[in-house]
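> Here is a sequence with its predicted model. Questions after.
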Amino acid sequence: MSDVLLKPWITESSTNLVQLNKYVFLVSKNSDKKKIAQAVESLYKVTVEAVNIINMPKKKRVYGKTSGWKAGFKKAFVTLKKDDKIDLFKEIK
């Protein structure tokens, strides 16, 4: 299951979605909605209501005379049941 979820996607907009009980994860390219839901449920012990996926395309980048490509990736927006929460920002003591 850990090969499906790569890492949480933590940005200002994704932290605002936590109020709506939605969490954003960077996922592997070959994962689908069912695999993502199973991985989140088993890893965080929560109930998933919905999963939405966005494929972000690769982008061309130019740095001086050098040009190349920034790799594309896949994001998953996971909506949890009303009472469930994931603590992505655990306090380190």
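Cool, the structure landed. Numbering: from 1, shown residues only.
> where exactly do the strands run in this protein?
Ranges of strands within the chain are 5-8, 22-27, 48-56, 59-63, 66-70, 73-80, based on DSSP state E.
> Give the buried residues for the first one.
Just to be clear, that refers to strand 5-8. 5, 6 (16 or more other Cβ atoms under 10 Å). For glycine as for every other residue, the C-beta is placed from the backbone atoms N, C-alpha and C.
> same deal with stretch 41-52?
Quick answer for stretch 41-52 (16+ other Cβ under 10 Å): 41, 44, 46, 48, 51.
> Out of those residues, which two are the most distant from each other?
Comparing every pair within the buried residues of stretch 41-52 by Cβ to Cβ identifies 44 and 51 as the most remote, at 13.5 Å.
> Which one of the buried residues of stretch 41-52 is nearest to residue 70?
residue 51 (25.0 Å).
> which residues does the closest one bridge with?
residue 78 (DSSP bridges).
> okay, it: pLDDT?
Residue 51 carries a pLDDT value of 97.
> how about it, what does it touch?
33, 36, 37, 76, 77, 78, 79 (Cβ atoms under 8 Å, 6 or more residues apart in numbering).
> For residue 58, see how far away the closest residue to the last one other than its chain neighbours is.
Beyond its immediate neighbours in the sequence, the residue positioned closest to residue 79 (Cβ to Cβ, 6 or more residues apart in numbering) is residue 50, lying 4.3 Å away. Plainly put, residue 50 is 27 Å away from residue 58 if you go by Cβ to Cβ, to the nearest Å.
> Can you give me the distance of the residue of the chain most remote from its centre to residue 87?
Relative to the centre of the chain, the most outlying C-alpha is that of residue 65, 33.7 Å out, by Cα atoms, centre = their mean. Separation of residue 65 from residue 87 (Cβ to Cβ) stands at 46 Å.
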